[in-house]
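Trainee: quick one, what's the 3D model for this:
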Amino acid sequence: MAKRRALQLSLASKRLSPPAVLASIYAMFILGGALILLLPFSQTGNVTFSDTLFTAASAVTVTGLVVVDTGSDFTLFGQIIIALLIQVGGLGLMTFAALLLTMLGLNIGMPERMVLRDEMGQTSLRDLAALVRVVISVAFFCEALGTALLMTVFVPEFGWSHGFWQALFHAISAFNNAGFSLFPGSLSNYVGDPTVNLTITALFMVSGLGFVVLVDIYRKRNWRQLSLHTKLMLTGTLFLILWGWVLFALLEWTNPQTLGGLDGVGTKVLASWFQAVTPRTAGFNTLDYAEMRDSTTVMTISLMLVGGGPSSTAGGIKVTTMIVLVLATLAFFNRQEKLHIFGRSLGIQEITKVLALTALSLFLVMFGLFTASITYRGDFLDLLFEVVSAFGTVGLSRGATGELDEFGRALIIIIMFVGRLGPLTLGFFLATRSVPRIGYPEGRVYLG
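Mentor: As a prediction, the model looks like this:
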């Protein structure tokens, strides 16, 4: 009985699938957060319900798109609420619920385990409690370490109390890949500061790898013994980082509005590094994306669409999905029936899941772009950038979000919501097998 009161999901789980339960929980959390942020002591008086609903949705989905200035339009209490929404949204509401039940000595029932499994992007119910403890421990340790490092910059500038809060808020936002900042121009004032740049990027890169990868690295600590998933994530992440870093520097080096306006090669290289890794759903920026060249914008869109790793705080279609797509393409041209990588093979089931996930993601982006363009009158590339940023829960912006009407805001909220929960929902349905009662003869469809 105590367990039912602590986590009232069993009854709902009997009527709804785990993804539906997750979606309902997150929707209620967004609405509750919006109402709290609307209270007089949460904001300065210039914020509407539309503003707080958008902010709460962006925080819970750890996106980072904003329509008001977080640092000036919300009070300290409001900023604390936003930080809590980011923390719960990034690590998962069910993760905290499971931790609470474990601390109280209560068992987690099967319905709750199924919901927790879907939220953490797992396919098995085994070792979920251990993974939850690892997630919480790693998150709090990294955020504490990040806060301490950022305090060395913010405390001398803002004083102890304000500097501590600035450091803590940005550490929470960075680790959860949220991209919320208390500064009007994000981190543009610290474009040349190595401590801020390296600390922020380290936080969202670690969490973006995925907690399964972190656990695997901690337990095995040997490249040969690492799982296939971990090897794919590490190699894929390294490639994307180096590719984005070099390409961004080449494209923007002479742009006077971005890298060209900075003094010193070191500052330019540091700025290139930051802008290359932040599209992987982090959302912070030290340069103005609205001033970047179209080629750089297109590259950034592709990085935002890929995102980070499964079972992480990042969004997007995921790095492993991109790698399997590339391998499947190569296997097709080589006329191979299976994919081979790192001494392992992937069958048709994994390929089918990847294709379905990618197709659904592209469809949602195109549908969102089409619908938003009905009322939006600005630059088309800016709108595409915003839609992909919302779907990938990135939070980078070229300014289009602030120009959206109520219809556009509602659409972006839906896209952020689907981007956070959509892959989980899709994974649940793909994992559900059904045996057809009737067989049909094979047919032929000419493709390409």
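
Trainee: how near is N46 to V388?
Mentor: Going from N46 to V388 by C-beta to C-beta, to the nearest Å gives 30 Å. Every C-beta, even on glycine, is put in place using the N, C-alpha and C of the backbone.

Trainee: could I get the buried residue list for stretch 232-250?
Mentor: L232, M233, L234, G236, T237, L240, I241, G244, W245, L247, F248, A249 (16 or more other C-beta atoms under 10 Å).

Trainee: now do that stretch, average pLDDT.
Mentor: Per-residue confidence for stretch 232-250 averages out to 92 on the pLDDT scale.

Trainee: put the alpha carbons of that stretch into CSV.
Mentor: Extracted C-alpha coordinates of stretch 232-250, given in CSV (Å, rounded to 0.1, in the frame of the first residue of the first chain):
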residue,chain,number,x,y,z
LEU,A,232,30.4,2.7,-31.4
MET,A,233,29.6,5.6,-29.1
LEU,A,234,33.2,6.5,-28.4
THR,A,235,34.4,6.3,-32.0
GLY,A,236,31.3,8.0,-33.4
THR,A,237,31.5,10.8,-30.8
LEU,A,238,35.2,11.4,-31.5
PHE,A,239,34.6,11.5,-35.2
LEU,A,240,31.7,14.0,-34.9
ILE,A,241,33.7,16.2,-32.6
LEU,A,242,36.8,16.4,-34.8
TRP,A,243,34.7,16.8,-37.9
GLY,A,244,32.7,19.6,-36.5
TRP,A,245,35.7,21.3,-34.9
VAL,A,246,37.8,21.4,-38.1
LEU,A,247,34.9,22.2,-40.4
PHE,A,248,33.6,25.0,-38.2
ALA,A,249,37.0,26.6,-38.1
LEU,A,250,37.4,26.4,-41.9
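
Trainee: let's have the chain start at 36 instead
Mentor: Let's use 36 as the start, then, which means that last one is stretch 267-285.

Trainee: which outside residues touch it?
Mentor: 240, 243-245, 248, 261, 294, 303-304, 307-308, 310-312, 314-315, 331, 334, 338, 341, 343-344, 354-355, 357-358, 376-377 (C-beta atoms under 8 Å, 6 or more residues apart in numbering).

Trainee: and it, how far from the chain's centre?
Mentor: Here the centre of mass of C-alpha atoms in stretch 267-285, compared against the chain's by C-alpha atoms, centre = their mean, to the nearest Å, lies 18 Å away.

Trainee: for stretch 94-114, same thing?
Mentor: If you compare the mean C-alpha spot of stretch 94-114 with that of the full chain, they lie 17 Å apart, counting by C-alpha atoms, centre = their mean.

Trainee: how far does the helix or strand harbouring V333 sit from the chain's center?
Mentor: Remark: V333 resides in helix 329-341, with elements defined by DSSP states H and E. Taking C-alpha atoms, centre = their mean, one finds the center of helix 329-341 at 16 Å from the center of the full chain.

Trainee: what sits closest to I252 if chain neighbours are left out?
Mentor: Across the structure, with C-beta to C-beta, 6 or more residues apart in numbering as the measure, the residue nearest I252 apart from its sequence neighbours is T265 (6.6 Å).

Trainee: burial count for the one you found?
Mentor: Under the neighbour criterion other C-beta atoms under 10 Å, T265 is assigned a count of 22.

Trainee: per-residue confidence, G483, what does it come out as?
Mentor: The confidence metric pLDDT takes the value 55 at G483.

Trainee: can you give the contact residues for stretch 431-438?
Mentor: With C-beta under 8 Å, 6+ apart as the contact definition, stretch 431-438 has outside contacts at 99-102, 214, 313-314, 318, 320, 324-325, 332, 335, 339, 411, 413-414, 416-418, 420-421, 424, 447.

Trainee: looking at those residues, which are in helices?
Mentor: With helices taken from DSSP state H, the overlap with the contacts of stretch 431-438 comprises T332, T335, M339, L416, D417, L418, F420, E421, S424, I447.

Trainee: which of the residues you listed ranks first by neighbour count?
Mentor: Ranking these using other C-beta under 10 Å puts S424 first, with 33 neighbours.

Trainee: who touches the residue lying closest to D228 once chain neighbours are set aside in this structure?
Mentor: Take D228 and drop its neighbours on the chain: the residue closest to it by C-beta to C-beta, 6+ apart is V188, 6.3 Å away. By C-beta under 8 Å, 6+ apart, the residues touching V188 are A202, Y225, D228, T230, V231.

Trainee: mean confidence for stretch 103-112?
Mentor: Here the average pLDDT along stretch 103-112 is 92.

Trainee: stretch 331-341 too?
Mentor: Averaging pLDDT residue by residue across stretch 331-341 gives 92.

Trainee: hmm, back to that, in TSV: the ones in helices among the contacts of stretch 431-438, plus distance to S85.
Mentor: Supplementary listing: the ones in helices among the contacts of stretch 431-438 in TSV, determined by distance: C-beta to C-beta, whole Å:
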residue	distance to S85
T332	27
T335	28
M339	25
L416	25
D417	21
L418	19
F420	22
E421	17
S424	19
I447	12
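
Trainee: just the residues you listed now: which is nearest T87?
Mentor: Distance to T87 across the ones in helices among the contacts of stretch 431-438 (C-beta to C-beta) is lowest for I447, with 14.7 Å.

Trainee: pretty sure the closest one sits against T96.
Mentor: No. At 10.4 Å, I447 does not count as touching T96 under the criterion of C-beta atoms under 8 Å.

Trainee: which one's more surrounded, N81 and V423?
Mentor: Each of N81 and V423 has its neighbours counted (other C-beta under 10 Å); V423 has more, 25 against 10.
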